[in-house]
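J.: how would this look folded up:
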Amino acid sequence: MPLSTMRFRRQLPLGLLLVLALPAVPATAFSQPARATEQAKAAARALADKAWELFNAGRYEEALAAFQDAEAQVHAPPFLLYAARSCEKLGRLIEARSLYQRIVDEPLAASAPQEFQQAQADARAELAALAPRIPTLEVAVTGAAPGAVELTLDGERVAPAAPVERDPGEHTVSATAPGQAPVTRTIRLSEGSRERVTLDLAPAPVAAAVTVPSSGDAARSAGSDVKTAALIGGGAVAGAGALAGLVFTLVANGKASDARQQRSVVDAMEGGTVNCMFPDGAYQTQQCSKLSALVDDKYLFSNLALWSFIGAGVSAVGTLGYYWLATTPSEPEKQVHLFPLVTPGGGGLVAGGVF
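T.: Next up, the predicted model:
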């Protein structure tokens, strides 16, 4: 083999694969019905070279896309092999298994290039090694009849108590059933794990009944509240007036008693000849002034008591009058009575009552 060809194989192994293998491969070696065109081969070589560089750089998402594009130009098992390896690096184990299986299941002619046959052998070995790494999740549901449960894993409906394969990572499982509160859990699966979880469905909480009052009920309730407030307020004012009248009456009576005693003192002076209209001397003036002040206080508190009782009475009468006038008669109960009617010309029913 020329030195230049060996150097090219080391630098671009996948591109070299097509350069060396594709021109010599008969049509029966491919799944496609005819030979690829030279233009398609050139495009596949360029895409394979790019994909190989991306794969070695650890840019597996981009490498996967480039390998798939190369495969779309010209079918070659090595493209699918590296696409599967890219998926495996990305943790997409189920997709990688599908690609490996596709390579293994492809019938290759005896004249197929050695590179194709080697890719198929590698895929078979890597498929066997990959299988135990794919985790499974089994979900059991309690609290509801099995036929009534709807179980989903990542939004896809699955059967309860049946192991389901999923890629490593977080997955969301949900269970619902009629009359039961839904349950949702997030499960993290690691490579090779065999997880089993149980979701317990509980009866859905019963919503408390809420009675919405009608507009008439609301109006009656509001009116009742106003009447109650007026009754309480009016009663309080009337009570306060009556209490004040009672207090003023007691004070007025006390002042009247003091005035009578002071009158006795004045009458006893000078043999009862003292005239408080024209007092004689400082002592008479003092005693007469005291008597006059007590009489004035008696009349003052008597008037205050009188008006307090009047105010209390007016408040009580007004409150009771408002309460009586504001009270609306209750709506008559609706009743319907049916009476048979028989006449010479026929018969029927007569309806009567309150509608």
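
J.: Name the nearest residue to residue 86, ignoring sequence neighbours.
T.: Computed as Cβ to Cβ, 6 or more residues apart in numbering, the closest residue to residue 86 that is not its neighbour in sequence is residue 64, at 3.9 Å. The C-beta positions use only the backbone N, C-alpha and C, and glycine is treated the same way.

J.: Does that neighbour touch residue 83 like I think?
T.: Yes: applying Cβ atoms under 8 Å, one finds residue 64 in contact with residue 83, separated by 5.7 Å.

J.: hey, where'd the strands end up in the stretch 51-200 of the chain?
T.: In the stretch 51-200 of the chain, the strands defined using DSSP state E, counting those that start in this stretch lie at 136-142, 150-153, 156-158, 164-165, 169-176, 183-189, 194-200.

J.: buried stuff in the third one?
T.: This means strand 156-158. residue 158 (16 or more other Cβ atoms under 10 Å).

J.: tell me what it is packed against?
T.: Applying 3 or more Cβ pairs under 8 Å, 6 or more residues apart in numbering; DSSP states H and E, we find strand 156-158 packed against strand 150-153.

J.: Tell me which strands the strand it packs on pairs with, and in which orientation.
T.: Strand 150-153 pairs in its sheet with strand 156-158 (antiparallel), strand 169-176 (antiparallel), by DSSP bridges.

J.: winner for burial among those?
T.: For the strands paired with strand 150-153, ranked by mean neighbour count under the definition mean count of other Cβ atoms under 10 Å, the leader is strand 169-176 at a mean of 16.

J.: Can you read off the pLDDT for the closest residue to residue 312 other than its chain neighbours?
T.: Spatial nearest neighbour of residue 312, chain neighbours left out: residue 241 (3.0 Å); criterion: Cβ to Cβ, 6+ apart. In this model, residue 241 is scored at 78, pLDDT.

J.: Please apply the same query to the one 3 residues further on.
T.: As predicted, residue 244 sits at a pLDDT of 82.

J.: Identify the residues contacting the residue lying closest to it once chain neighbours are set aside.
T.: Leaving aside its sequence neighbours, residue 244 sits nearest to residue 308 (Cβ to Cβ, 6+ apart; 4.2 Å). Contact analysis of residue 308 by Cβ atoms under 8 Å, 6 or more residues apart in numbering lists 241-242, 244-245, 248.

J.: And these, which is closest to residue 302?
T.: residue 248 (7.5 Å; Cβ to Cβ).

J.: The closest one and residue 304 touch, don't they?
T.: Yes: with contact defined as Cβ under 8 Å, residue 248 counts as touching residue 304 (4.2 Å).

J.: So for the two, which sits in the more crowded spot?
T.: residue 248 (20 against 17; other Cβ atoms under 10 Å).

J.: Tell me the spacing between that one and residue 311.
T.: Note on residue 248: its distance to residue 311, by Cβ to Cβ, to the nearest Å, is 12 Å.

J.: distance of residue 307 from residue 248?
T.: Distance from residue 307 to residue 248, by Cβ to Cβ: 9 Å.

J.: Let's see the pLDDT reported for residue 96.
T.: pLDDT, residue 96: 96.
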